[in-house]
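In: Test case, fold it:
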Amino acid sequence: MTIAANRPLDSARPRAGLRRALDWWIGELAACRHDLRARLATQGRRGVVIEAGERYWLLRRGGRPIGQVDRHADGAADLRVIERVVGRRPIVVEIPADRTLAKTIALPPGAKGQLDRILGFEIARHFPFPAEQVHFQHRLVQGERDGIVTVEVVAVPRAVVDEIGAALAALGLRAAAIAVGAGAKPLYLPPAAYAGARKAASRSTRWLGVAAVLAGLAALVSWPLAQQHALDALDRELAALKPGAEAALRVSDGARRAAERDAAILALRGGRPPLVAALDRLSRDLPDGAWLLSLSISGRDVVLDGLAPSGAAVALALEKAGHVSGIVFRAPITREAAGLEHFQLGGTLNGGEVKP
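Out: The predicted structure is shown next:
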């Protein structure tokens, strides 16, 4: 009875591995296709690049500036110049660094092959937003060294991306790609971040589809021959990496806790700024249009409750200013009747305890 019960599992295991392999291959081809289209639109002479700042949008074509739009002029966003300049040309949006957050994260050995899944859980630990409120992309800063994988992660609030997409949609336009961390090697957000109607596939796209089908057929024919051997090797590799990964995590956590204790001691020794100075810093850090309903300060802990056009923009502004660290949303963001978002943020004042 034991042997008969195990047979379905043995037959299902290669099929599950084959499905995972095909899904990975198709995902890689789709990502390569998206990055290739985005780079061609950016570097080609026909494509228009829009550097979408909070107030000014700069337009470039072929690396040459061709216009600028002040979105606050006359109290409204006059974007008609974009419609005239773009026409039927593809659009690539670059979100500048002052509207994004970037951090470098060290991960344990073995994480390199599972970065997409792991980073989905790590976002909330390193950024003041839950993962569902941001779009993020990553790149390897360097290869594994001493078993540690170093990754640069760039995140942008979904509200920022949605606001840019809505402004373009009002003109009947759609971005072919959205890049964050613009520069020599920009990071392109996945297409799901700005999903919209797709144009008919070009000839190059059709050829890429044919190549994907042929590659999938080749993988289908060759994969079963080595599937069982690959799975056994993967099990052995995971078993060998597990003790080292656990040890590295323990060392990393111990070092982080020691660093946090040292930082707390230094902060307490750094002086006691007056309450008026803390209030002045917070009032300067808040973006225009934000209103505080209440402010609570206890020692170095601060709680801000208020209204703003975008709660995510308030958290981003405070994080950029650097006077408050460890910013978290203490309650879900709700929208009031006046169209403003009701937010409640918590964090820690930098520079020691505040005395009244």
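In: pLDDT on the helix or strand hosting residue 253, on average?
Out: Here residue 253 sits within helix 203-269, counting by DSSP states H and E. Across helix 203-269, pLDDT averages out at 77.
In: could you say what helices and strands the helix or strand just after it packs with?
Out: Following helix 203-269 in sequence order, the next helix or strand is helix 275-285 (DSSP H and E). Judged by 3 or more C-beta pairs under 8 Å, 6 or more residues apart in numbering; DSSP states H and E, the packing partners of helix 275-285 are strand 291-298, strand 301-308, helix 311-321. No exception for glycine: its C-beta is placed from N, CA and C like everyone else's.
In: and the angle for helix 275-285 with helix 311-321?
Out: 120 degrees (axes from the mean of the first three to the mean of the last three C-alpha atoms, to 10 degrees).
In: which parts of helix 275-285 are buried?
Out: 278, 281, 282, 285 (16 or more other C-beta atoms under 10 Å).
In: isn't the third one right up against residue 317?
Out: No. Taking contact to mean C-beta atoms under 8 Å, the distance of 10.5 Å between residue 282 and residue 317 leaves them out of contact.
In: Need the winner for burial among the helices and strands packed on helix 275-285.
Out: Mean neighbour counts were compared across these using mean count of other C-beta atoms under 10 Å; the top stretch is helix 311-321, at a mean of 21.
In: gap between that helix and the chain center?
Out: A distance of 15 Å separates the C-alpha centroid of helix 311-321 from that of its chain, computed with C-alpha atoms, centre = their mean, to the nearest Å.
In: That one versus strand 291-298: what angle between them?
Out: Using the same axes, to 10 degrees, helix 311-321 lies at 50 degrees relative to strand 291-298.
In: picking up where we left off before, which one, of the helices and strands packed on helix 275-285, ends up nearest to residue 347?
Out: Across these, residue 347 has its closest neighbour in strand 301-308 (5.7 Å, C-beta to C-beta).
In: Just give me how far the closest one sits from the chain centre.
Out: With C-alpha atoms, centre = their mean, you get 24 Å for strand 301-308.
In: How about residues contacting that strand?
Out: 278, 282, 286-287, 289-297, 314, 324, 330, 336, 338, 340-349 (C-beta atoms under 8 Å, 6 or more residues apart in numbering).
In: mind checking the SS state of residue 92?
Out: Each residue gets one of three states, and residue 92 gets strand by DSSP: H, G, I helix; E, B strand; the rest coil.
In: Correct me if wrong: it contacts residue 174.
Out: No. Using C-beta under 8 Å, residue 92 is not in contact with residue 174; the gap is 11.4 Å.
In: Tell me which of those two has more neighbours.
Out: Comparing residue 92 with residue 174 by other C-beta atoms under 10 Å, the one with more neighbours is residue 92, at 26 against 16.
In: any idea how far that one is from residue 146?
Out: Separation of residue 92 from residue 146 (C-beta to C-beta, to the nearest Å): 38 Å.
In: which SS class is residue 124?
Out: Residue 124 is classified as helix under three-state DSSP.
In: pLDDT wise, what is it at?
Out: pLDDT at residue 124 comes out at 80.
In: ok, now which ones touch it?
Out: 130, 131.
In: Now do it against residue 133, distance only.
Out: Using C-beta to C-beta, residue 124 is found at 10 Å from residue 133.
In: Residue 308 now?
Out: Counting by C-beta to C-beta, the gap from residue 308 to residue 133 is 15 Å.
In: got it, and residue 175?
Out: 20 Å.
In: quick one, which of the two is more surrounded?
Out: Higher neighbour count among residue 175 and residue 133: residue 175, with 23 against 19, using other C-beta under 10 Å.
In: Spit out the contact partners of the more buried one.
Out: By C-beta under 8 Å, 6+ apart, the contact set of residue 175 is 50, 91, 92, 93, 164, 165, 168, 194.
In: What's opposite the residue most central in space within the chain in the beta bridge?
Out: With distances taken as C-alpha atoms, centre = their mean, residue 136 lies nearest the centre of the chain, 1.2 Å away. Counting by DSSP bridges, residue 136 is bridged to residue 155.
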